[in-house]
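K.L.:
the sequence and its predicted three-dimensional model are supplied below.
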Amino acid sequence: MLARLTPLAAASAAILLAGCAAPGLSSGPQNLAPASFAQLPAIEAGANPGAATMTAAFVDSAQLQRVVDEVLANNRDLRAAAARLKQAEAFATAAGAQRFPTVGLGASASRQRAPNEQGVFNNFTSYGVNATAGWEVDLWGRAASNARAASYDAEGAALDRDAAQLSLAGTALNLQTQLIGLGHRLNLAKETLVVQNQLLDLVKARVGAGRGTALDQARAEALVAQTSASVPALRNAACLTRLQLDVLRGQPPADCDKADSDPLPAMPEPRLISLGQLPDPAGLLAQRPDVKAAAVRAQAAASRAHVAWAARWPSLGLTGQIGWSAGSAGDLFKSGTQIHSLAAALNWNFLDFGARKAEEGAARAGYEAAVAGAEQAQLTALQDAQGSLSTLRETELQAAAQATAADATRRARELALKRYEAGVTDFYALLSVEQERLAAADALIQVQTQRAAALLGVHKAFSARLTVAQ
């Protein structure tokens, strides 16, 4: 890779280097980065621009960091990515070795019965020791391009591993914040049930005293039943989320009933950090591992196109041998027993009915597909970055408005309860504000969860690699 260039510029430059690609290939992926990002969020006063980890985006990050550590240590997809990297590195080593001569050693011993010139059968014994060497002269750069393609494959596998780490850690953190949010929604429903049952008891007492109606009691019972119905749905959603998280952490799915007894963590409190140093669009594309991996795959495809082009032309091979052959082991290595040879061979399959030309055409098409894939990776990364910024900005506004709404409905419910107890208003008014209070409080938890996920999305979209908080 060329230093300090975007992956796409580096890919294009490398592709055009002499001997790196087949003649006539296109110039490589275009750089599609716009001049700047819109909708950048405001930075909190005192924010630390030096921290760049996803977990450090939250005030209390210890538990979230543990989730990341477990994913990186135990996730099976990451293990597979690491194994593919080792495999690609081994293939690269093997491809690089093909550029150099091969040397072999051999020894033989034989005994045979055969007729001599007079037709008399005799037994013959022979011994031999030899060393051979062979080398295909890389006239058209085929071996070098093949080695280069394998090296790019290894580089791409390393970048794929980095991208998988970011993606899986971000997904795990998102699931963890969802799980915490569902836990708080479940707690809210349970706490609300206590309050609503108290209201139901109050209505029953007023009905018994002749100050209430059967309609009020029926409405109170319906409210309790509706809230009770939300509890199983929330509990199941939390269970399914926990199961997904367990699989990402490489653990067998846990018992959800047992997990429900665990202490509930506090809602993640996000803070804007390091967003003041967000890279510009071109810088983002230069550091995103998925974009870099797509550009490297285009480089590998260009090298393979050169391999296919070079296969259409003659090949030159050199071979040599030196050895000793004698009828007894004691005579080996004597001057009269030495044999040696040196040969050169030029081969050209000039008539193959278009087979190699078709293979070159397929390789060129593969390169064009890789170029399109690299440009699509740019667009996806830019969409991811711009979308995460927009989502963060809007959820911040939504969270502020929803907090105001939740506080207002809480105060309205307190006033309605006092007016109902004083007989100033009917139970329907109290029932309405109680429903509004529960809905607003539940919505606040949901938008707080979305805000945390939005901040995670920004850090994930703009991260070059996963750095672990200290």
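P.N.:
In hand now; what should we look at? Source: prediction; values computed, not measured. Numbers count the residues shown, from 1 in each chain.
K.L.:
from the chain's centroid, how far away is the host helix or strand of Gln165?
P.N.:
Using DSSP states H and E, Gln165 falls within helix 142-208. Mean-position distance between helix 142-208 and its chain equals 16 Å (C-alpha atoms, centre = their mean, to the nearest Å).
K.L.:
just want the most central residue of the chain.
P.N.:
Residue closest to the average C-alpha location in the chain (C-alpha atoms, centre = their mean): Ala164, at 2.2 Å.
K.L.:
run a quick neighbour tally on the nearest residue to that one once chain neighbours are set aside.
P.N.:
Leaving aside its sequence neighbours, Ala164 sits nearest to Ala81 (C-beta to C-beta, 6 or more residues apart in numbering; 4.8 Å). The C-beta positions use only the backbone N, C-alpha and C, and glycine is treated the same way. Neighbour count of Ala81, defined by other C-beta atoms under 10 Å: 19.
K.L.:
what does the one 3 residues further on give?
P.N.:
Using other C-beta under 10 Å, Arg84 is surrounded by 18 other residues.
K.L.:
domain map for this protein?
P.N.:
Here the domain parsing of the chain from automatic domain parsing is 7-99+142-313+356-461, 101-137+314-347.
K.L.:
make JSON lines out of those domains and add mean pLDDT.
P.N.:
Putting the domains of the chain into JSON lines (pLDDT from 0 to 100) gives the following:
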{"stretch": "domain 7-99+142-313+356-461", "mean pLDDT": "86"}
{"stretch": "domain 101-137+314-347", "mean pLDDT": "87"}
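K.L.:
just say which of the ones you listed is most tucked in.
P.N.:
Counting by mean count of other C-beta atoms under 10 Å, domain 7-99+142-313+356-461 has the highest mean neighbour count of these, with a mean of 18.
K.L.:
and the helices in the protein?
P.N.:
7-16, 62-74, 76-97, 142-208, 214-248, 256-259, 281-287, 289-310, 355-421, 427-461 (DSSP state H).
K.L.:
what is the fourth one packed up against?
P.N.:
With contacts taken as 3 or more C-beta pairs under 8 Å, 6 or more residues apart in numbering; DSSP states H and E, helix 142-208 sits against helix 62-74, helix 76-97, helix 214-248, helix 289-310, helix 427-461.
K.L.:
follow-up on the earlier one: the helix holding Gln165 to helix 289-310, inter-axis angle?
P.N.:
With axes from the mean of the first three to the mean of the last three C-alpha atoms, to 10 degrees defining the directions, helix 142-208 sits at 150 degrees from helix 289-310.
K.L.:
and helix 142-208 with helix 76-97, angle?
P.N.:
Taking the same axes, to 10 degrees, one finds helix 142-208 and helix 76-97 inclined to each other by 170 degrees.
K.L.:
of all the helices of the chain, which one comes closest to Ser27?
P.N.:
Of all these, helix 7-16 sits nearest to Ser27, with 5.4 Å by C-beta to C-beta.
K.L.:
once you drop chain neighbours, what's closest to Val71?
P.N.:
Nearest non-adjacent residue to Val71, counting by C-beta to C-beta, 6+ apart: Ala172, 4.7 Å away.
K.L.:
and the one you found, what does it touch?
P.N.:
Residues near Ala172 by C-beta atoms under 8 Å, 6 or more residues apart in numbering: 67-68, 71, 245, 248-249.
K.L.:
among these, which two are most distant?
P.N.:
Distances among those were taken as C-beta to C-beta; the most separated pair is Val68 and Leu245, at 11.7 Å.
K.L.:
please report how far Gln65 lies from Gln165.
P.N.:
From Gln65 over to Gln165 the distance is 14 Å, taken as C-beta to C-beta, to the nearest Å.
K.L.:
ok, Ala329 next?
P.N.:
From Ala329 across to Gln165, the span is 60 Å (C-beta to C-beta).
K.L.:
now Asn146
P.N.:
Distance, Asn146 to Gln165, using C-beta to C-beta: 30 Å.
K.L.:
so what's Leu318 bridging to?
P.N.:
Taking DSSP bridges, one obtains Trp135, Ala344 as the residues bridged to Leu318.
K.L.:
does Leu78 touch Ala163 like I think?
P.N.:
No. Leu78 is beyond contact range of Ala163, at 10.9 Å (criterion: C-beta atoms under 8 Å).
K.L.:
quick one: contacts for the nearest residue to Lys334 once chain neighbours are set aside?
P.N.:
Nearest non-adjacent residue to Lys334, counting by C-beta to C-beta, 6+ apart: Ala326, 7.1 Å away. If a contact means C-beta under 8 Å, 6+ apart, then Ala326 has 126-128, 332, 334, 337 as its contacts.
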